[in-house]
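**Q** sequence and predicted structure are below.
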Amino acid sequence: MDTARFTSKGFLVPGIINLVILIGLATLPLYGSLYNVVLITSIMMYAILTVSWVMFSGSSGYLSLATATFFGVGIYVSALLLPNTGAVLPLLVVVLIAGLGSSIVALGVGALTLRLRGIYFAVFTFGLVILVLELLNWWEHSVTGTRGRFVMLVDNDVIFYIMLVIFILSMLTTYLIRRSKFGLALQSIGENEEAAEHIGVNVTMVKVITFAISAFFMGATGAIWATKLTYIDPYVAFNVLYSFLPVLMAIFGGMGQIYGPVIGAVIFAYLQETFQTEFPYYYMLSFGVILIVAILYLPGGLVGLIQKAWRRRPGGRHADT
Amino acid sequence: MPILEGEGVTKYFGGLAAVSNVDFYVNEGEIIGLIGPNGAGKTTLFNLISAALVPKPGIIKFKGKNITGMKSYKICRMGLARTFQSVKVFANISVFDNVRLGSYFGKSPGLSSADAAREAGEALEFVGLSAMSATPARDLTLANQKRLEVARALATGPELLMLDEMMAGLNATEIAQAMELVTMIRDKGITIVMIEHVMKAIMNVCERIIVLHHGEKIAEGTPQEIATSPKVIEVYLGEKTDA
């Protein structure tokens, strides 16, 4: 689907495919079963996390493991403002506040730590998840005296549509960043940060702002996800798995193209949901195997594989010309 | 008034004085050569000027303004650009976009994309890389990557350009082309400071030469003066048997 971008048909083919997918998704609650609506909601949740992770880490080359932090902040904002005893604020406002809250955390963390390079940044962001988790644990135990929190029940279709809107916005943002000079600057940072700074790119600002934008989507997703979970505690909200899964999904799908992370997330999340119910004891094991195969044999991810096949077919154009 | 000045510029790496109490000035429109044996502190001095490092103590002024401790991107936007000894092109970005980044973020940020593209095109034309616009920078030869770095630096709209060993690793033809490029840049009205080991280039192109040795400035003068200075010959050109 990505290679079509390079053919003379230009925008037409991917445009139609996008439209069909979008209409299919938007009308899903009308004809789909409840199971499908819930399944696709969670697939979209993973897709948003992956897309927004790639938004920052994919181009800048900074491996962030802070996804679970921003996701968790969103979940917690939702738990505090939408308790089952009655909503403090309207749902959409809470989602927005959660996104902004995560952005603010990202701005602070980014300003402090984005001077760390390579492995140090990755380790710090990973530590951040644990730090926030333990802080909240302490706060819940000794200040509020609560163990967990119940979140207001929200209709599944509403959750689905809000998730869909966040997903579309995250894709649009990725697309716009990629096309803009801001995106070019971000890419140059990933290529060579010192050179980027010496040709006038305010590297700190570009990094921190992108980090905050990506955190916005993670936080907003967390807020709406919390209403699906209905019960949360710090361990549920700040699960380090949410830091690693987007990375794995992005590698699996391939980060070179805008669709790669989405395809990776969709397939991965679908497999997870089905494996978890079909083979509860083996699903993690099978994941491990899939990942090892993906890393060893699919350096460009699934999308890379598709492009390769496309180029090999008789009369296939070279996608990189 | 000199366009670039340094007063007592010093930088220690641990106990080692990489650059020690160096005073220098560069006048507008000059081509200055910076020479010295390996480890003399030439690149460190470049890094201090472009603010990749901060002198301690010491003051660096550009266009009369103290730029010590300023961020590199701000110095670039003031009109001071540089290239790197070990080329630092954006390997996976196209040649054109490498240069376009310079015009987008250099001296006049906020340029429209059409203007930035035009400037980038001109800079590529100037260094003779127009034909390779769409190629990823990693696929260029070393000589062309060095040209690309010059084009990228020029696209930022500098008044002063610092070239760090632009000719190292190039063959004779490429060196001749690079020398021509340097004079062409000067003819555009851009002041140049260049680090170079290729003596032929330094002697032919530069109007004034500064010699560093063990981080200290040991001589300064016209190519003729430097070539005949006993001190320079002693510490820099070494024993007579040395080529």
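**A** Ah, there it is. Because the structure is a prediction, the values reported are computed rather than measured.
**Q** contact partners of the helix or strand hosting residue A:263?
**A** Per DSSP states H and E, residue A:263 falls inside helix A:260-278. For helix A:260-278, contacts defined as C-beta atoms under 8 Å, 6 or more residues apart in numbering or on different chains pick out A:2, A:39, A:42-43, A:45-47, A:49-51, A:53-54, A:58, A:171, A:245-246, A:248-255, A:282-283, A:286-287, A:290, A:301-304. For the C-beta atoms, the positions are set from N, CA and C on the backbone; glycine is no exception.
**Q** beyond that helix, next helix or strand please.
**A** helix A:283-297.
**Q** how about residue B:217, secondary structure?
**A** Per DSSP: H, G, I helix; E, B strand; the rest coil, the local secondary structure of residue B:217 is strand.
**Q** follow-up on the earlier one: filter the contacts of helix A:260-278 to the buried ones?
**A** Among the contacts of helix A:260-278, those classed as buried by 16 or more other C-beta atoms under 10 Å in any protein chain shown are A:2, A:39, A:42-43, A:45-47, A:49-51, A:53-54, A:58, A:171, A:245-246, A:248-255, A:283, A:287, A:290, A:301-304.
**Q** wait, what's in contact with residue A:223?
**A** Residue A:223 makes contacts with A:74, A:75, A:77, A:78, A:94, A:95, A:97, A:98, A:99, as judged by C-beta under 8 Å, 6+ apart.
**Q** out of the residues you listed, which sit inside helices?
**A** Judged by DSSP state H, these include A:74, A:75, A:77, A:78, A:94, A:95, A:97, A:98, A:99 as members of helices.
**Q** hang on, isn't the first one packed against residue A:226?
**A** Just to be clear, that refers to residue A:74. Yes - Residue A:74 is within contact range of residue A:226, at 7.2 Å (criterion: C-beta atoms under 8 Å).
**Q** residues of chain A that sit close to chain B?
**A** Taking C-beta under 8 Å from any C-beta of the partner chain as the measure of proximity, chain A contacts chain B at A:181, A:184-185, A:187-188, A:191-192, A:194-203.
**Q** which of the residues you listed fall within helices?
**A** Short answer: the residues of chain A next to chain B in helices (DSSP H) are A:181, A:184, A:185, A:187, A:188, A:191, A:194, A:195, A:196, A:197, A:198, A:203.
**Q** neighbours around the fifth one, how many?
**A** Right, the one you point to is residue A:188. Using other C-beta atoms under 10 Å in any protein chain shown, residue A:188 has 28 other residues around it.
**Q** can you classify residue B:9 by secondary structure?
**A** Going by three-state DSSP, the secondary structure assigned to residue B:9 is strand.
**Q** quick check: bridge partners of it?
**A** Residue B:9 has these beta-bridge partners by DSSP bridges: residue B:22.
**Q** okay, it and chain A: tell me how far apart.
**A** Counting by C-beta to the nearest C-beta, to the nearest Å, the gap from residue B:9 to chain A is 19 Å.
**Q** turn the ones in helices among the contacts of residue A:223 into JSON lines, including neighbour count, distance to residue B:163 and pLDDT.
**A** Listed next are the ones in helices among the contacts of residue A:223 as JSON lines, based on neighbours: other C-beta atoms under 10 Å in any protein chain shown; distance: C-beta to C-beta, whole Å; pLDDT from 0 to 100:
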{"residue": "A:74", "neighbour count": "30", "distance to residue B:163": "50", "pLDDT": "96"}
{"residue": "A:75", "neighbour count": "30", "distance to residue B:163": "54", "pLDDT": "95"}
{"residue": "A:77", "neighbour count": "25", "distance to residue B:163": "53", "pLDDT": "94"}
{"residue": "A:78", "neighbour count": "30", "distance to residue B:163": "56", "pLDDT": "94"}
{"residue": "A:94", "neighbour count": "25", "distance to residue B:163": "56", "pLDDT": "94"}
{"residue": "A:95", "neighbour count": "28", "distance to residue B:163": "53", "pLDDT": "95"}
{"residue": "A:97", "neighbour count": "19", "distance to residue B:163": "52", "pLDDT": "96"}
{"residue": "A:98", "neighbour count": "31", "distance to residue B:163": "51", "pLDDT": "96"}
{"residue": "A:99", "neighbour count": "26", "distance to residue B:163": "47", "pLDDT": "96"}
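**Q** in TSV, list the residues you listed along with distance to residue B:128.
**A** Output for those, formatted as TSV (distance: C-beta to C-beta, whole Å):
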residue	distance to residue B:128
A:74	53
A:75	57
A:77	57
A:78	59
A:94	59
A:95	54
A:97	55
A:98	54
A:99	49
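**Q** hey, where'd the helices end up in chain B?
**A** Here chain B has its helices, by DSSP H, at B:42-49, B:72-78, B:95-105, B:113-127, B:142-155, B:172-187, B:199-205, B:223-228, B:230-232.
**Q** check these for me and report the most buried one.
**A** Mean neighbours per residue, mean count of other C-beta atoms under 10 Å in any protein chain shown, is largest over these for helix B:95-105, with a mean of 28.
**Q** list the helices and strands that one packs on?
**A** Judged by 3 or more C-beta pairs under 8 Å, 6 or more residues apart in numbering or on different chains; DSSP states H and E, helix B:95-105 is in contact with helix A:181-191, helix B:72-78, helix B:113-127, helix B:142-155.
**Q** the longest one vs chain A: in contact?
**A** Yes - under the criterion of C-beta under 8 Å from any C-beta, helix B:113-127 makes contact with chain A via B:113, B:116.
**Q** coming back round to it: of the contacts of residue A:223, closest to residue A:132?
**A** Among the contacts of residue A:223, residue A:75 lies closest to residue A:132 (C-beta to C-beta), at 11.4 Å.
**Q** what does chain B put close to chain A?
**A** Contact residues (C-beta under 8 Å from any C-beta) of chain B with chain A: B:50, B:52, B:71-73, B:76-77, B:81-82, B:84, B:88-93, B:97, B:100-102, B:104-107, B:109, B:113, B:116, B:152-153, B:155-156.
**Q** switch to 7 Å and redo it
**A** When proximity is defined as C-beta under 7 Å from any C-beta of the partner chain, chain B approaches chain A at B:50, B:52, B:72-73, B:76-77, B:82, B:84, B:88, B:90-93, B:97, B:101-102, B:104-106, B:109, B:152, B:156.
**Q** so can I have CSV of the helices of chain B showing mean pLDDT?
**A** Putting the helices of chain B into CSV (pLDDT from 0 to 100) gives the following:
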stretch, mean pLDDT
helix B:42-49, 90
helix B:72-78, 92
helix B:95-105, 93
helix B:113-127, 90
helix B:142-155, 92
helix B:172-187, 90
helix B:199-205, 86
helix B:223-228, 86
helix B:230-232, 83
